[in-house]
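Chemist: Fold the following for me, if possible:
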Amino acid sequence: MAGAGAYDAGSTLAGNGRRSVVTHSNVIRRCSFANSVNPGAPKAQRAGGTSVAQVCVASERNTLWTQIVRRIAVVLLATGAVMLCQGRTLNAQHPTPAEMTSTGLSTPTPPATWQLDLSGVWFQAGAPLKGAGALPNPAPLIPLSLSFPQQTRFIPSWFFGSGAALIEEVDPKHVLARVSVHPLDAVLTGRSAAHQSGSGISLGLTHVISGRFCAEFRVASSRTGVGLTPTARTEVESTRRSFEEFFGRVASLLDTDSSIARAVVNTVPKSSLEVHISAGLRTGFRKTLFGTPYVMVGAGLTRSNSFAQQVKITGNYRFGTPAGRGRLIGQYDETDNVVLQIDSDRYRPFWIGGVGSTFALSPRVGFQVDTRFSLALTQVSITLDASPGVSVIDDPALSRSGVHTVGVGQVSFDGPPLTVLMFDNNGELSRTFPSSLSAPPIERFRTLSARGIESAVALSFGMYLKF
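Modeler: Presented below is the predicted three-dimensional model:
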């Protein structure tokens, strides 16, 4: 029975492994029992029992090592996963230049310290300067020894001063024409000369000095040379139209067939070119919804490429007068030439201050808007030239037939003389009875001189590039 029990135990361990592996303690106990209760068993059986025990111990040892290896592997895998995650996080926060290039990220660049901008500018001129004005001395009334008492003035032009005054004296109620000649007196002596408004272009270079402070250098060019103000140009046009209307009516009264009256205005140049050079200090502020604002102050110098603007006004009237039986006694042709010259200093200093804002489209490129106010030390003047021209005919057959006077009023041999306009195309008679438009020419007569501070506002919009 003991031998059979040993055999059964051995067969159980060897033949039915499912029942042998209950617990490690049972396996070891059964293996030891088989060896102890069967000492007289054959060597083969004892050897077989010894083999079973060795197998059981080896299986136990393999199981323990497997669990240890698995645990170590889990720990190593967990550690590796943690280190991998941390490495990716560090790479994302601090990528290498090669990774930046491969992933399309831009490498960090040093901050830009220079800025170049190009802008379009509109210069709006301020109020013109007020100065001292004067007109040429008035021409006196001269009695005429004709068929009845008459008087006239000998003037260099109908456009201003005594010429316009004579027309008003002859026709105060506008019987000859609906209007008198509109005089240029207010233009010659008033606040009619200034630097003009106009467009231009501006190029600026800015350099960061420290923090928010920048040094700025700028060059601008504009069509803002000195000239007549818009109000003055309107006055000149009124004078031109009134001359044509008045003398067209007078000429038609003397000759309805061949009368003509024309007046033209020619301005040279329309607007002269100026160059503005300035330097200043600029400081910026924090970025807002309206861009990055800044303020600037500085000073500069303006150079005018043209010394003066000339406004030429030319009036002409022509007519022929019938003298008995339809015969013309000659052609009357008189011209009124006036030139206004508006001068200014070629160089003038100015002070400037302004505000603006930049709007970035990228770290390097953007656009900016700017408003600047300037004060310039300026001197302007207006000089006047007048040269009358009367065509005369040296023909003895026209003797004592070339004088015509035009006036409005009652003729009286005993009363006061009648103020008239006198026209004479006879060369011989004109020595004694010249036309009213026959005074000596006027040359370079200064009608206005003004000196002071002239203001202007510049509005600009453009693009900038930082580098």
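Chemist: Could you grab the helix/strand/coil label for residue 166?
Modeler: Secondary structure state of residue 166, per DSSP: H, G, I helix; E, B strand; the rest coil, is helix.
Chemist: Next, count neighbours for it.
Modeler: Applying other CB atoms under 10 Å, we find 25 residues neighbouring residue 166. Quick note: C-beta positions are derived from backbone N, CA and C, even for glycine.
Chemist: Quick check: beta-bridge partners of the nearest residue to it once chain neighbours are set aside?
Modeler: Excluding its sequence neighbours, the residue lying closest to residue 166 (CB to CB, 6 or more residues apart in numbering) is residue 153, at 4.6 Å. Legend: beta-bridge partners of residue 153 under DSSP bridges are residue 141.
Chemist: Now for residue 153, how many residues are close by?
Modeler: Neighbour count of residue 153, defined by other CB under 10 Å: 22.
Chemist: do residue 352 as well
Modeler: Neighbour tally, residue 352, other CB under 10 Å: 21.
Chemist: Am I right that it is in a strand?
Modeler: Yes - residue state for residue 352 (three-state DSSP) corresponds to a strand.
Chemist: what about the protein, any weak spots by pLDDT?
Modeler: 1-66, 68-69, 72-109, 256-258, 307, 321-330, 395-401 (pLDDT under 70).
Chemist: Does the most centrally placed residue in the chain lie in a helix or a strand, and which?
Modeler: When CA atoms, centre = their mean is applied to the chain, the residue found nearest the centroid is residue 121 (1.8 Å). Residue 121 belongs to strand 114-125 when assigned by DSSP states H and E.
Chemist: Buried residues of that strand, list them for me.
Modeler: Across strand 114-125, burial judged by 16 or more other CB atoms under 10 Å covers 115, 117, 119, 121, 123, 125.
Chemist: Over to stretch 244-255?
Modeler: Buried, per 16+ other CB under 10 Å, within stretch 244-255: 244, 245, 246, 247, 248, 249, 250, 251, 252, 254, 255.
Chemist: part of a helix, is the fifth one?
Modeler: This means residue 248. Yes - membership of residue 248 in a helix is supported by three-state DSSP.
Chemist: for it, what are its contacts?
Modeler: Shown in contact with residue 248 (CB atoms under 8 Å, 6 or more residues apart in numbering): 177, 259, 260, 261, 317.
Chemist: Please determine how far it is located from residue 255.
Modeler: Going from residue 248 to residue 255 by CB to CB, to the nearest Å gives 12 Å.
Chemist: Bridging across strands, which residues link to residue 291?
Modeler: Residues in beta-bridge contact with residue 291 (DSSP bridges): residue 288.
Chemist: okay, among the contacts of residue 248, which ones form the most distant pair?
Modeler: Greatest spacing in the contacts of residue 248, by CB to CB: 177 and 260 (15.1 Å).
Chemist: Counting neighbours around each, name which of the two comes out higher.
Modeler: Between residue 177 and residue 260, residue 177 has the larger neighbour count (other CB under 10 Å), namely 18 against 15.
Chemist: any idea how far residue 164 is from the closest residue to the more buried one other than its chain neighbours?
Modeler: Distance criterion CB to CB, 6+ apart; nearest residue to residue 177, sequence neighbours excluded, is residue 249 at 4.0 Å. The gap separating residue 249 from residue 164 is 16 Å, by CB to CB.
Chemist: ok, back up a step: you'd agree the residue nearest to residue 166 is up against residue 434?
Modeler: No - contact criterion CB atoms under 8 Å: residue 153 and residue 434 do not qualify, at 11.6 Å.
Chemist: Now for residue 142: which residues touch it?
Modeler: Counting by CB under 8 Å, 6+ apart, residue 142 makes contact with 151, 152, 153, 154.
Chemist: The last one contacts residue 139, correct?
Modeler: Yes - Residue 154 is within contact range of residue 139, at 5.8 Å (criterion: CB under 8 Å).
Chemist: hey, what's in contact with both of the two?
Modeler: Common contacts of residue 154 and residue 139 (CB under 8 Å, 6+ apart): residue 439.
Chemist: so which of the contacts of residue 248 would you say is closest to residue 335?
Modeler: Distances from residue 335 to the contacts of residue 248, taken by CB to CB, are shortest for residue 317, at 8.4 Å.
Chemist: now that closest one, what's its secondary structure?
Modeler: Judged by three-state DSSP, the three-state class of residue 317 is strand.
Chemist: and it, what is it in contact with?
Modeler: 247, 248, 250, 251, 259, 260, 261, 262, 332, 333, 334.
Chemist: now with 7 Å?
Modeler: 247, 251, 260, 261, 334 (CB atoms under 7 Å, 6 or more residues apart in numbering).
Chemist: buried residues in the helix or strand where the fourth one lies?
Modeler: What that stands for is residue 261. Element membership of residue 261 [criterion: DSSP H and E] is strand 260-268. Residues of strand 260-268 classed as buried by neighbour count (16+ other CB under 10 Å): 261, 263, 267.
Chemist: And for stretch 182-197?
Modeler: Quick answer for stretch 182-197 (16+ other CB under 10 Å): 182-185, 187-197.
Chemist: what does stretch 204-211 give?
Modeler: 204, 206, 208.
Chemist: What is the helix or strand where the last one lies packed up against?
Modeler: With the criterion set as DSSP H and E, the secondary-structure element containing residue 208 is strand 198-210. If contacts are counted by 3 or more CB pairs under 7 Å, 6 or more residues apart in numbering; DSSP states H and E, strand 198-210 sits against strand 114-125, strand 213-222.
Chemist: These: which one's closest to residue 459?
Modeler: strand 114-125 (4.9 Å).
Chemist: Figure out how far the next helix or strand after the closest one is from the centre of its chain.
Modeler: Using DSSP H and E, the helix or strand that follows strand 114-125 in sequence is strand 132-133. Relative to its parent chain, strand 132-133 has a centroid offset of 35 Å by CA atoms, centre = their mean, to the nearest Å.
Chemist: Where does residue 241 sit, in terms of helix or strand?
Modeler: Applying DSSP H and E, one finds residue 241 within helix 230-254.
Chemist: now do residue 434
Modeler: Assigned by DSSP H and E, residue 434 belongs to no helix or strand.
Chemist: show me the residues around it that make contact.
Modeler: 154, 424.
Chemist: The one 3 residues further on too?
Modeler: For residue 437, the contacting residues are 155, 158, 334, 336, 388, 390, taking CB under 7 Å, 6+ apart as the criterion.
Chemist: Can you tell me how far the residue nearest to residue 166 is from residue 170?
Modeler: For residue 153, the distance to residue 170 - CB to CB - is 10 Å.
Chemist: same deal with residue 466?
Modeler: Distance from residue 466 to residue 170, by CB to CB: 72 Å.
Chemist: Assumed residue 465 was part of a helix.
Modeler: No - counting by three-state DSSP, residue 465 is located in no helix; its state is strand.
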